[in-house]
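[1] model this:
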Amino acid sequence: MDSKQLVSLVFRISKNSLDLLKGLSAKTRVRQSEYLREAIEDLLVKYSK
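    Predicted coordinates for the structure are as follows:
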């Protein structure tokens, strides 16, 4: 992914989901933003069919 194409996005997430995401990120050493981008891409593929 070309970082020049990235834009900021602000949204709300439950504290529980954020805590779980932070824990996963700490455990795997994968940035939270990478997981969120992956989830969005998965949803776009799912609903583009």
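[2] got a list of contacts for the helix ranked longest in the chain?
    Among the segments of the chain that qualify as a helix by DSSP state H, the longest is helix 32-48. Contact with helix 32-48 is made by Met1, Leu21, Lys22, Leu24, Ser25, as judged by C-beta atoms under 8 Å, 6 or more residues apart in numbering. Heads up, the C-betas are built off the backbone N, CA and C, glycines and all.
[3] Go again with 10 Å.
    1, 6, 9, 11, 13, 18, 21-22, 24-26, 28, 30-31 (C-beta atoms under 10 Å, 6 or more residues apart in numbering).
[4] Weed out the non-buried ones from those residues.
    The neighbour count (16 or more other C-beta atoms under 10 Å) marks nothing among the contacts of helix 32-48 as buried.
[5] picking that back up, distance from the chain centre to the longest helix of the chain, please.
    Relative to its chain's centre, helix 32-48 lies at 7 Å (C-alpha atoms, centre = their mean, to the nearest Å).
[6] got it, and stretch 42-49?
    15 Å.
[7] next one: stretch 26-40
    That offset, for stretch 26-40, works out to 5 Å (C-alpha atoms, centre = their mean).
[8] what does stretch 7-20 give?
    The answer for stretch 7-20 is 9 Å, by C-alpha atoms, centre = their mean.
[9] any low-confidence regions in the protein?
    Within the chain, the ranges that satisfy pLDDT under 70 run 1-3.
[10] follow-up on the earlier one: convert the C-alpha atoms of the longest helix of the chain to PDB, please.
    This file holds the C-alpha atoms of helix 32-48, laid out as PDB (Å, rounded to 0.1, in the frame of the first residue of the first chain):
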ATOM      1  CA  GLN A  32      -3.900  -1.600  15.100                       C
ATOM      2  CA  SER A  33      -4.200   0.400  12.000                       C
ATOM      3  CA  GLU A  34      -3.100  -2.500   9.900                       C
ATOM      4  CA  TYR A  35      -5.800  -4.700  11.400                       C
ATOM      5  CA  LEU A  36      -8.400  -2.000  10.700                       C
ATOM      6  CA  ARG A  37      -7.300  -1.600   7.100                       C
ATOM      7  CA  GLU A  38      -7.400  -5.400   6.700                       C
ATOM      8  CA  ALA A  39     -10.900  -5.600   8.200                       C
ATOM      9  CA  ILE A  40     -12.200  -2.800   5.900                       C
ATOM     10  CA  GLU A  41     -10.700  -4.500   2.800                       C
ATOM     11  CA  ASP A  42     -12.300  -7.800   3.800                       C
ATOM     12  CA  LEU A  43     -15.700  -6.100   4.100                       C
ATOM     13  CA  LEU A  44     -15.300  -4.300   0.800                       C
ATOM     14  CA  VAL A  45     -14.500  -7.700  -0.900                       C
ATOM     15  CA  LYS A  46     -17.400  -9.400   0.900                       C
ATOM     16  CA  TYR A  47     -20.000  -6.800  -0.200                       C
ATOM     17  CA  SER A  48     -18.700  -6.300  -3.700                       C
END
